[in-house]
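Colleague: Give the three-dimensional model of this entry:
(4 chains)
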Number of protein chains: 2
Amino acid sequence: MGRSPTNTKSKLLETANDLIWQSSYGSVSVDDICKAADIKKGSFYYYFESKAELAVATMEASFLSYEIEIIDIFSKPTSPCERFENLADFIYQKQKQAYDKYGRVCGCPFASLGSEMAGNEALIQKKADEIIHRQSTIFNTTLQEMIDCAQLPVDTDMQNMGAQIITTILGQVMVARIQNNLVNLKNDLRRSLFQTLGLQIKTSERSHQDQEQ
Amino acid sequence: MGRSPTNTKSKLLETANDLIWQSSYGSVSVDDICKAADIKKGSFYYYFESKAELAVATMEASFLSYEIEIIDIFSKPTSPCERFENLADFIYQKQKQAYDKYGRVCGCPFASLGSEMAGNEALIQKKADEIIHRQSTIFNTTLQEMIDCAQLPVDTDMQNMGAQIITTILGQVMVARIQNNLVNLKNDLRRSLFQTLGLQIKTSERSHQDQEQ
DNA sequence: TATGTATTTGACTGACCAGTCAAATACTTT
DNA sequence: AAAGTATTTGACTGGTCAGTCAAATACATA
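Modeller: Reported below is the predicted structural model:
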């Protein structure tokens, strides 16, 4: 009995993600999202209790697909260093794709939204915090490998190291958004990650001055 | 002829800075600011052409006083390392004060606002970008000293190094805001800065695990 | 005290905001 | 085809938004 499920909800989630990522939570209205998704506002409130709840659901849905890709990188039979290199490249590519699609550097959707609404919407703040934590734990097994093969000191606080890696990435990505420029992200992210991990980098990769967007 | 200047404009700037720093640009209305400053909206638009223009003026005014303190730290006759240590402590203290005053971790007002509005208000994005740049140049003379005394390689790209220092700070401060927690900022900022500078840190200062807000 | 200007006020727009709801519709099952 | 439920719709609310403006007021000068 009843009707089959439709794609209305996921369409709202995707549209909201697109719009909020480009601009911000405060600059995008429920009407904007509905209009862009070609869905009436009554339907919106059939699926979501509030704008804030939609934002949280959007973060979760978006992170779920992002998480899969990160886990994939860190499950490959490559060396720990290569994994972090791949992570840096992956992040740059994601930003590049968004740049090509939206015409501007978009930054990290979770951190931007989390930072914006941390002071007003506890649920959004909590979700952003949770996502940071979930992402940092993905590194654990790889960090353990690095400890095992003496690339990291045995007394390394893995939880803290994971948090530092995330922090390094988020700093670079946020500054790229503010500057609307991907050059530094492209040139410095790998190096910053290695530095955070306390690893030496091949000298051939230390050039600072590539000129390209 | 005419009337003496009043403090209305600066009161609006301070109030706006307070409110936006705590929450966000989008969550604070012109009415909110006027109400908190006990100034009528007509007066607001006597001094500012728009809400966005106020935000830019707020950023400039706020950075001017912040800049003085940073320049002071980097003009003291201390060693380069001590200066960066003092910078880390200063940033933590600022966040602690804001925490005590507003009841939450507030983050970096320039970066939060810049990131929030980068996609919507070009003037705000431009001002945030400018502030990042101005702040990073403050480090130049100190970085040069470090090169001169061989604490940094002679081929160091100072502009890039300055940008990396800012990025490191902004990452940590933003994550502290999202987590609404100053512990990691307190424990890790010094170390992260030293790592960004490529310096070794005294082992006595490497403890990760202080437990205190 | 009179004049001129800088500043302040409050009442006002029209658009937009998040959120509501009863009714209409679509589809699945029997 | 009838019954029942999931979904969609559009019209609605009351409040808030950024921004406007003519009139009132304060003050410095002459």
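
Colleague: so how far is DNA strand C from A:V105?
Modeller: For A:V105, the distance to DNA strand C equals 24 Å [Cβ to the nearest atom of the strand, to the nearest Å]. (Glycine included, C-beta is placed from N, CA and C.)

Colleague: what's around the residue in chain A positioned nearest to DNA strand D, how many residues?
Modeller: Here chain A gets closest to DNA strand D at one residue, A:G42, 2.1 Å apart by Cβ to the nearest atom of the strand. Neighbourhood size, A:G42 [other Cβ atoms under 10 Å in any protein chain shown]: 8.

Colleague: In contact with A:P80, which residues?
Modeller: Neighbour list for A:P80: A:142-143, A:145-146, A:149, A:151 [criterion: Cβ atoms under 8 Å, 6 or more residues apart in numbering or on different chains].

Colleague: List of residues touching stretch A:30-43?
Modeller: Defining contact as Cβ under 8 Å, 6+ apart, one finds that stretch A:30-43 is touched by A:8, A:11-12, A:14-16, A:18-19, A:44, A:51, A:54.

Colleague: which residues does A:L87 contact?
Modeller: A:70, A:73-74, A:193.

Colleague: Output those in TSV; the columns should cover pLDDT, neighbour count and secondary structure.
Modeller: Converted to TSV, these look like this (pLDDT from 0 to 100; neighbours: other Cβ atoms under 10 Å in any protein chain shown; DSSP: H, G, I helix; E, B strand; the rest coil):
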residue	pLDDT	neighbour count	secondary structure
A:I70	98	19	helix
A:I73	98	18	helix
A:F74	98	18	coil
A:L193	96	22	helix
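
Colleague: The residues you listed also near chain B: which ones?
Modeller: Among these, no residue sits close to chain B (Cβ under 8 Å from any Cβ of the partner chain).

Colleague: Flag the shaky bits of chain A, pLDDT-wise.
Modeller: When residues are selected by pLDDT under 70, those of chain A lie in A:1-5, A:200-213.

Colleague: how about the helices of it, start to end?
Modeller: Ranges of helices in chain A, per DSSP state H, are A:8-22, A:30-37, A:41-47, A:51-73, A:80-102, A:109-117, A:122-137, A:140-148, A:158-179, A:183-197.

Colleague: what's the most buried one of those?
Modeller: For the helices of chain A, the largest average neighbour count (mean count of other Cβ atoms under 10 Å in any protein chain shown) is found in helix A:109-117, namely a mean of 27.

Colleague: Now do that helix: which elements does it pack against?
Modeller: Other elements packing on helix A:109-117 under the criterion 3 or more Cβ pairs under 8 Å, 6 or more residues apart in numbering or on different chains; DSSP states H and E are helix A:8-22, helix A:51-73, helix A:122-137, helix A:158-179, helix B:109-117, helix B:158-179.

Colleague: Is it possible to get TSV of those that adds distance to B:N86?
Modeller: Shown next, in TSV, are the helices and strands packed on helix A:109-117 (distance: least, Cβ to Cβ, whole Å):
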stretch	distance to B:N86
helix A:8-22	37
helix A:51-73	37
helix A:122-137	28
helix A:158-179	21
helix B:109-117	20
helix B:158-179	13
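
Colleague: Tell me which of these lies nearest to DNA strand C.
Modeller: Per Cβ to the nearest atom of the strand, nearest to DNA strand C of the helices and strands packed on helix A:109-117: helix A:51-73, 3.8 Å.

Colleague: Show me what the closest one is in contact with.
Modeller: A:10, A:12-13, A:16-17, A:20, A:25, A:30, A:33, A:44, A:48, A:83, A:86-87, A:90, A:109-110, A:113, A:117, A:121, A:123-124, A:127-128, A:131, A:134-135, A:138.

Colleague: cool, stretch A:15-28 as well?
Modeller: So stretch A:15-28 is contacted by A:32-33, A:36-37, A:54-55, A:58, A:61-62, A:98, A:102, A:104, A:106-107, A:109, A:112-113, A:116-117, A:124, B:24-27, B:116-117, B:119-120 (Cβ under 8 Å, 6+ apart).

Colleague: what about 6 Å?
Modeller: A:33, A:36-37, A:54-55, A:58, A:62, A:102, A:106, A:109, A:113, A:116-117, B:26, B:116, B:119-120 (Cβ atoms under 6 Å, 6 or more residues apart in numbering or on different chains).

Colleague: rewinding a little: could you dump the helices of chain A to a markdown table with distance to B:N180?
Modeller: Formatted as a markdown table, the helices of chain A follow (distance: least, Cβ to Cβ, whole Å):
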| stretch | distance to B:N180 |
| --- | --- |
| helix A:8-22 | 21 |
| helix A:30-37 | 26 |
| helix A:41-47 | 29 |
| helix A:51-73 | 16 |
| helix A:80-102 | 25 |
| helix A:109-117 | 10 |
| helix A:122-137 | 7 |
| helix A:140-148 | 24 |
| helix A:158-179 | 15 |
| helix A:183-197 | 23 |
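
Colleague: re earlier: just give me the closest of the contacts of A:L87 to chain B.
Modeller: A:L193 (11.3 Å; Cβ to the nearest Cβ).

Colleague: list the contacts for the closest one?
Modeller: Taking Cβ under 6 Å, 6+ apart as the contact definition, A:L193 lies against A:84, A:88.

Colleague: Export the helices and strands packed on helix A:109-117 as JSON lines, with columns for distance to DNA strand D.
Modeller: Output for the helices and strands packed on helix A:109-117, formatted as JSON lines (distance: least, Cβ to the nearest atom of the strand, whole Å):
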{"stretch": "helix A:8-22", "distance to DNA strand D": "4"}
{"stretch": "helix A:51-73", "distance to DNA strand D": "13"}
{"stretch": "helix A:122-137", "distance to DNA strand D": "18"}
{"stretch": "helix A:158-179", "distance to DNA strand D": "22"}
{"stretch": "helix B:109-117", "distance to DNA strand D": "12"}
{"stretch": "helix B:158-179", "distance to DNA strand D": "22"}
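
Colleague: Ok, which of those helices comes nearest B:L189?
Modeller: Ranking these by proximity to B:L189 (Cβ to Cβ) places helix B:158-179 first, at 5.4 Å.
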